[in-house]
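Chemist: Need a 3D model of the following:
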Amino acid sequence: MLSAYPELSQFLPCESPQAWVEWAIENQTLMLVDHAHCEKKAASTAMNLMYRYVDRDNLLHKMSRLAREELLHFEQVHKLMKGRGVDYVHLSASRYAEGLRKHIRTHEPARLVDILIIGAFVEARSCERFAVLAPHLDEELSKFYLSLLKSEARHFEDYLALAEEYSGEDISSRVQFFRELEHTLITEPDTEFRMHSGPPS
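Modeler: Predicted coordinates for the structure are as follows:
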């Protein structure tokens, strides 16, 4: 599935562990609930950036579009859940996002650049996980996840382009820093399944 998006394979440090894929297949109810939370958080992240960086025209344009799409995805996941009798309940956050965000620098524009780079990794990993899961899911869910690939791939590119635009310097070393961190978070074992967790411990 990812063959159509070589830029994702080049950007991400690794593929999802097979043990995580098998864990997801065994926990599809939890997968859908956490997926809904992920879409809502993605919309919230985009909106927070719009509120904080009101003078960045390109950011405002791209994040407004991204927030609308993420909220639509949330609605779509929620509809799927209702059709399957799955309740939308609170879940504790995975260590993935916090594991990335705790390394955000505090001065500007470095803070913004780090947030955008992290956004790129979150979106790219989501895209990769939809791709690896799709062949193992029922027809309705597989079709839905494949439909998300295109927009999620664009979101990752938007985040990365904005990071490059607002950094004022080369960001390759910073991207590599978060790439190595992301590799650790994706490959180290987790005790709870989440869309962005590592394999089971």
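Chemist: contacting residues for V33?
Modeler: Taking CB atoms under 8 Å, 6 or more residues apart in numbering, we find V33 in contact with M81, V86, D87, Y88, V89, L91. C-beta here means a position set from N, CA and C on the backbone, and glycine is covered the same way.
Chemist: Can you show me the CA trace of stretch 150-158 as CSV?
Modeler: Once non-C-alpha atoms are left out, stretch 150-158 reads as follows in CSV (Å, rounded to 0.1, in the frame of the first residue of the first chain):
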residue,chain,number,x,y,z
LYS,A,150,-4.2,10.5,0.5
SER,A,151,-5.2,13.3,2.9
GLU,A,152,-3.0,12.1,5.7
ALA,A,153,0.0,11.9,3.3
ARG,A,154,-0.7,15.5,2.3
HIS,A,155,-0.9,16.6,5.9
PHE,A,156,2.6,15.2,6.7
GLU,A,157,3.9,17.1,3.7
ASP,A,158,2.2,20.3,4.7
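Chemist: Run the chain-centre distance for it.
Modeler: Its chain's C-alpha centre and that of stretch 150-158 lie 10 Å apart, by CA atoms, centre = their mean, to the nearest Å.
Chemist: same check, this time on stretch 153-171
Modeler: 15 Å.
Chemist: Equivalent analysis for stretch 149-164, please.
Modeler: Relative to the mean C-alpha coordinate of its chain, stretch 149-164 is positioned 10 Å out (CA atoms, centre = their mean).
Chemist: tell me which residues in it are buried?
Modeler: For stretch 149-164, the neighbour count (16 or more other CB atoms under 10 Å) marks 149, 151-160, 162-164 as buried.
Chemist: Using pLDDT, spot the least trustworthy of those residues.
Modeler: The lowest pLDDT within the buried residues of stretch 149-164 belongs to S151, with 77.
Chemist: Shouldn't G85 be within a strand?
Modeler: No: using DSSP: H, G, I helix; E, B strand; the rest coil, the assignment for G85 is coil, not a strand.
Chemist: looking only at pLDDT, what's the mean for stretch 81-95?
Modeler: Averaged across stretch 81-95, pLDDT comes to 95.
Chemist: I'd like the contacts of V33 as JSON lines, with distance to E192 and neighbour count appended.
Modeler: Below are the contacts of V33 laid out as JSON lines (distance: CB to CB, whole Å; neighbours: other CB atoms under 10 Å):
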{"residue": "M81", "distance to E192": "19", "neighbour count": "17"}
{"residue": "V86", "distance to E192": "17", "neighbour count": "18"}
{"residue": "D87", "distance to E192": "18", "neighbour count": "8"}
{"residue": "Y88", "distance to E192": "18", "neighbour count": "15"}
{"residue": "V89", "distance to E192": "14", "neighbour count": "9"}
{"residue": "L91", "distance to E192": "9", "neighbour count": "14"}
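Chemist: for these, which one is nearest A67?
Modeler: A67 lies nearest to Y88 out of those, by CB to CB, at 19.3 Å.
Chemist: In contact with the closest one, which residues are there?
Modeler: Counting by CB under 8 Å, 6+ apart, Y88 makes contact with V33, A36, H78, M81.
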